[in-house]
Structure formats: structure tokens, C-alpha cells
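A.B. asks: here is the input, now give the coordinates:
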Amino acid sequence: MPFHVLINVDMTIEALGPGLKKLIPQISLGDSFHEHFTLGRPHHLTTDARGFEQICERLLLVESKHSDLQMRGAFWKLQSQTQFLFVASPLMNKAEDMDRLGLVMTDFAPNDPIPDFLFAIRARDVTLKEIRHSISRQQLLTRELDHRVKNTLSAILTLVSLTSSEATDIDDFANRFEGRVQAMSLAHELLATAGWQRVKLESLIHTVLGGHMQAKSGGLSADGPDASIGPRQAGPLSMSIHELGMNAFKYGAWSTPSGMIEVHWKLDQDNLYMTWRESGGPPITTDPVHGVGLGLVIGFIQHELHGIVKLDFKETGLEAEIQVPLAT
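C.D. replies: Sure thing, here's the model as predicted:
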């Protein structure tokens, strides 16, 4: 047994395990047990054989006076009635303690639970600092979730009000409102899949506009350099793209079978530049009145993302120039 001490009734050390010999080289056989070890509270005042008999078979802490070694174990009265055997394992909270104490795997007995405890159950080496950090992070995530839910509910209530103001009947309201909530849901799903990190701009465009394309066999070309946007940009940008798609579906390029929408983007160190260009739809002869949908596009880009949007209603179709700061 690597971590054991055999003690005579006069409290002298009769034998010592190899693990303890390695960790406490100052010990010599015949030394007093109390010269090298201290019992943990509440048994720290136990000094003689009579006291040891009273604490036998109890799980207790024994500390070395020469190092920071701590052992958890129990004393046993041998059949000879003249000796006590203390059998223990070193008390460690993390795998790094093995290096700190100068221990290796071979210092433990084959059936000692400590190696399994350290390298299986506590393989991630969880420390008190990490636990506190985990609790702090959990609280931060809870606050962030609460913030996101409140913002989402507020956005939905705003959409209800805006959609009701432009809807012609209950069916029209249901269709418009469902589409807008679906756009929010798709952006949320993309972010959740990405672990609430950055999402690919191309994936966002195809995901948000997919419903319009299925409902009307329109064409879509989306190309640009590899670009991703952050979680705070994804929601407003997806809503803007949805409103542009809805406008194209009702009045623009996708209102005819031959209509085409081209979306191109580029970026520099600070900004994302996106162009929306429609063709093949009904010719535009007059400057259309901006409804709720295009008003949302302007609101999301300028106020939510602190960007710039320019809408140009050319005779061949709508062209939109969008600039969004990457650091939003």
C-alpha cells in the first residue's frame, strides 16, 4: 500500500508506504507519528493510543508537517492490538496536483481510486476558479437570453402594429405577419446552428428568400466574396432582405415568371456593401409610394444597423444599395 503508516501503540512509526517515503524523506522508522503528521479537526487533539482507538474506522484528514500533502483515510486497530494501520489516498482536487506533489501513476496501488477519480471523472480538471467562471458565464447567458427574448417580443409587437396598418383584410394580415415572423425565425435558426456566432451571408440570403422563390418560380443570383455577419446584424439584415423579397414578389421582378433578382456584395475592412438589382418585372413608370415594407428596410438598415440604404426605382426594376458597418 503506497500511502500507509503502521504505528505502534506508543505512537512510533513501524512502517511506511513507498509513496510516503517518496513525498516525506525526513521520516525515519521509530520517529513519533506526531512529529511528522497532524490530524485534521475535530480529531487534532488525539495524541495517544486510547484516543486512536476512539477514531478508528472513521474517515478523516491527515496532513504532513513537512509539505502540503493531505491524505484522506482511516485508522484500523490490528488484531495484535499493539499497532494501528493508517491507510489513505492523497487528497487532490485536480490532475496538476500530481505534478505539484511529484507523483506519477506508478506511485499508486492498482486499486487506488484516486487515479480514476482524477483522470476519468475529473478529466477536465475542474477547479474552483473554473466553477466560479462557469457560474458567472451562466448568469451572463441568462441575462443575454432575457434581453434577446424581450427584444424579440418587442419586435413582434411592433410588427403586429405595422402589419395591421397596411393589411386590407385578416387574410392579408396573416400572410404578411407570418412572413415577417418566419424571417425572424430563420435568422434565429441560422444563429442557433452556428452557436450564436457569425453566419454566412450567402446562407442567410438563400434561406430568407427561399420561401418567395418556392411560391413564385423567380430567378435569384447571389454572389460575392466569402462574408459572414455577427448575431446582432443577422436579425435586422434578414428582415430587410425579406421585405425586399416580399416587395419583389408582390410588385417587382418576382411578380412575373421571367423576373430576376441579382444580389452582389463586397466588403472592406470596415463595411459590407450589398447591391439588390431587379429585372424582368413590370416596368416602373412612376416613383412608388413607400409602404410599410420598404419603410422597414430603411428602418432596419439605418437605425438598427447604423448603415446606409439607397432605393432607386428605375424603369427596369428596383435597385437598392446597402452599406452596413461590420462592427455593428
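
A.B. asks: Pro325 contacts Gly307, correct?
C.D. replies: Yes: assessed by CB atoms under 8 Å, Pro325 is found in contact with Gly307 at 6.3 Å. From N, CA and C alone the C-beta is placed, and that goes for glycine too.

A.B. asks: those two: which is more packed in?
C.D. replies: Gly307 (22 against 13; other CB atoms under 10 Å).

A.B. asks: tell me the contacts of the more buried one?
C.D. replies: 301, 322-325, 328 (CB atoms under 8 Å, 6 or more residues apart in numbering).

A.B. asks: out of these, who's nearest Phe3?
C.D. replies: Proximity of these to Phe3 (CB to CB) peaks at Thr328, which lies at 59.2 Å.

A.B. asks: picking up where we left off before, quick one: which of the contacts of Gly307 is nearest to Val62?
C.D. replies: Using CB to CB, Thr328 comes nearest to Val62 of the contacts of Gly307, at 59.9 Å.

A.B. asks: got a pLDDT number for that closest one?
C.D. replies: In this model, Thr328 is scored at 56, pLDDT.

A.B. asks: list the buried residues in the host helix or strand of Leu61.
C.D. replies: Using DSSP states H and E, Leu61 sits in strand 60-64. Using 16 or more other CB atoms under 10 Å as the test for burial, strand 60-64 gives 60-64.

A.B. asks: got it, and stretch 174-188?
C.D. replies: So, applying 16+ other CB under 10 Å, buried residues of stretch 174-188: 176-177, 179-181, 183-184, 186-188.

A.B. asks: what is the burial count for Ser154?
C.D. replies: Using other CB under 10 Å, the number of residues around Ser154 comes to 10.

A.B. asks: report the contact partners of Asp226.
C.D. replies: By CB under 8 Å, 6+ apart, Asp226 lies in contact with Lys200.

A.B. asks: and the one 10 residues further on, by the same measure?
C.D. replies: With contacts defined as CB under 8 Å, 6+ apart, the neighbours of Pro236 are 300-301, 304-305.

A.B. asks: returning to that earlier point: so which of the buried residues of strand 60-64 comes closest to Ser136?
C.D. replies: Checking those against Ser136 with CB to CB, the nearest one is Leu61 at 30.1 Å.

A.B. asks: tell me the pLDDT at that closest one?
C.D. replies: pLDDT, Leu61: 89.

A.B. asks: please name the nearest non-neighbouring residue to it.
C.D. replies: In space, and not counting its chain neighbours, Leu61 is closest to Gly40: 3.1 Å by CB to CB, 6 or more residues apart in numbering.

A.B. asks: and the one you found, how close does it get to Arg72?
C.D. replies: 9 Å (CB to CB, to the nearest Å).

A.B. asks: find residues that contact each of those two.
C.D. replies: Both Gly40 and Arg72 are contacted by 60-62, under the criterion CB under 8 Å, 6+ apart.

A.B. asks: turn those residues into TSV, columns for distance to Thr82.
C.D. replies: Listed next are those as TSV, based on distance: CB to CB, whole Å:
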residue	distance to Thr82
Leu60	22
Leu61	25
Val62	21
